[in-house]
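Engineer: build me a model from this:
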Amino acid sequence: MAAARQVSPAGGGPALFTVLSGLGSGSFGSTEGRRMHSIPFELSYAGATEGLVYKASTHAWSGSVQGFGPIELKFPLERVDRHANLLVGAAWGENFPTVTFIAIGFRNYLRMAEMQLNVNEWPALFKRRRLALTRRGRALRINVCGRDYRYQALAGKRQHVLLRDGASVTTNRSQWRHPRTISGVAEGDIDNVDVGLAIALQSMYTRNLTFGGALYSLPGRMLSRADLPDF
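Structural biologist: Reported below is the predicted structural model:
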């Protein structure tokens with residue numbers, strides 16, 4: 001199994017990106033001298049902590065990713081604004097950045113409303129075409145750490161893919177709510193930010209990433225204390 005090494009993002013700052021060693025001396029963001037990878041992984045449900053968050057349980061998953069090591073996912077971790085019902089989800093591990101996602105809660109998940117996402121101290125910016133009809137058109141665009149990602153629903157409502165130039169992480173939940181396993185495949189010029197971000201986004205309520213899912217879930221989401229519906 002390849003070892004991991006730390007790389008700082010463009011512009012300096014502490015080490016953030018962990019890439020597999022032995023891939024050459026190309027700088028961050030470069031594919032020169034680096035091999036493409038396909039790494040399957042799986043997180044298993046570790047149970048729920050009742051009553052940790054007001055009127056909600058905290059659910060946890062844990063697993064390991066070859067070349068990077070163990071990672072955990074928990075949500076909702078806490079309520080940062082009780083009046084606005086803002087909840088926190090997070091993924092982290094020894095060789096992963098801490099990815100925190102804050103948004104309005106809905107059925108124990110975090111909606112695409114009032115979103116805040118950070119990879120360590122780097123904040124993300126979001127774009128989404130709410131009136132688009134196709135899955136690609138309705139995908140969530142994320143800019144973080146100097147990268148542009150697209151998070152898109154695939155077949156059904158349990159499979160998603162996080163894409164950037166040269167890399168992708170496909171994830172699949174064994175069930176829609178509180179899955180026993182969250183499995184995935186990381187492919188391409190991948191690093192720990194790609195994998196950690198894809199896992200943290202499992203805390204997101206994603207039915208409205210498809211047009212049919214948006215119509216189905218719109219009444220409930222409109223009643224979940226958001227100023228504007230996240231159609």
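Engineer: mind listing the residues bridging to residue 79?
Structural biologist: Assessed by DSSP bridges, residue 79 has beta-bridge partners residue 87.
Engineer: wait, it touches residue 87, no?
Structural biologist: Yes - counting by Cβ atoms under 8 Å, residue 79 touches residue 87, with 5.8 Å between them. Heads up, the C-betas are built off the backbone N, CA and C, glycines and all.
Engineer: neighbour-wise, which of these two wins?
Structural biologist: Between residue 79 and residue 87, counted using other Cβ atoms under 10 Å, the more crowded position is residue 87 (27 against 18).
Engineer: for the more buried one, give me its contacts.
Structural biologist: 53, 56, 75-80, 102-105, 110 (Cβ atoms under 8 Å, 6 or more residues apart in numbering).
Engineer: could you dump the residues you listed to CSV with pLDDT and secondary structure?
Structural biologist: Output for the contacts of residue 87, formatted as CSV (pLDDT from 0 to 100; DSSP: H, G, I helix; E, B strand; the rest coil):
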residue, pLDDT, secondary structure
53, 60, strand
56, 71, strand
75, 91, strand
76, 87, coil
77, 82, coil
78, 75, coil
79, 71, strand
80, 66, strand
102, 91, strand
103, 87, strand
104, 84, strand
105, 78, strand
110, 84, strand
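Engineer: any of these buried? List them.
Structural biologist: For the contacts of residue 87, a burial check counting by 16 or more other Cβ atoms under 10 Å picks out 53, 56, 75-79, 102-105, 110.
Engineer: just the helices in this protein please.
Structural biologist: 192-200, 211-222 (DSSP state H).
Engineer: now the weakest link among those helices, please, by mean pLDDT.
Structural biologist: Mean pLDDT per stretch puts helix 211-222 lowest among those, at a mean of 55.
Engineer: returning to what we had before: and of the buried ones among the contacts of residue 87, the nearest to residue 146?
Structural biologist: Set against residue 146, the nearest of these by Cβ to Cβ is residue 102 (21.4 Å).
Engineer: you'd agree the closest one is up against residue 110?
Structural biologist: Yes - using Cβ under 8 Å, residue 102 is in contact with residue 110, at 7.4 Å.
Engineer: got any residues that touch both of these two?
Structural biologist: Common neighbours of residue 102 and residue 110 (Cβ under 8 Å, 6+ apart) are 87-88.
Engineer: residue 151: how many residues sit nearby?
Structural biologist: For residue 151, the neighbour count with other Cβ under 10 Å is 23.
Engineer: cool, and the one 4 residues further on?
Structural biologist: Other residues within reach of residue 155 by the criterion other Cβ under 10 Å amount to 9.
Engineer: residue 69 contacts residue 93, correct?
Structural biologist: Yes - using Cβ under 8 Å, residue 69 is in contact with residue 93, at 6.0 Å.
Engineer: what's the spacing between the residue nearest to residue 108 when sequence neighbours are not counted and residue 197?
Structural biologist: Using Cβ to Cβ, 6 or more residues apart in numbering and skipping the chain neighbours, the partner closest in space to residue 108 is residue 56 (5.6 Å). In this structure, residue 56 and residue 197 are 23 Å apart, going by Cβ to Cβ, to the nearest Å.
Engineer: where does the protein have low pLDDT?
Structural biologist: Within the chain, the stretches with pLDDT under 70 are 1-36, 51-55, 80-84, 130-133, 135, 210-231.
Engineer: one more pass at 90, please.
Structural biologist: For the chain, the stretches with pLDDT under 90 are 1-37, 48-57, 76-87, 103-115, 127-138, 155-158, 175-178, 204-231.
Engineer: distance between the ends of stretch 91-100?
Structural biologist: 7 Å (Cα to Cα, to the nearest Å).
Engineer: for residue 117, list each beta-bridge partner.
Structural biologist: Beta-bridge partners of residue 117, as defined by DSSP bridges: residue 101.
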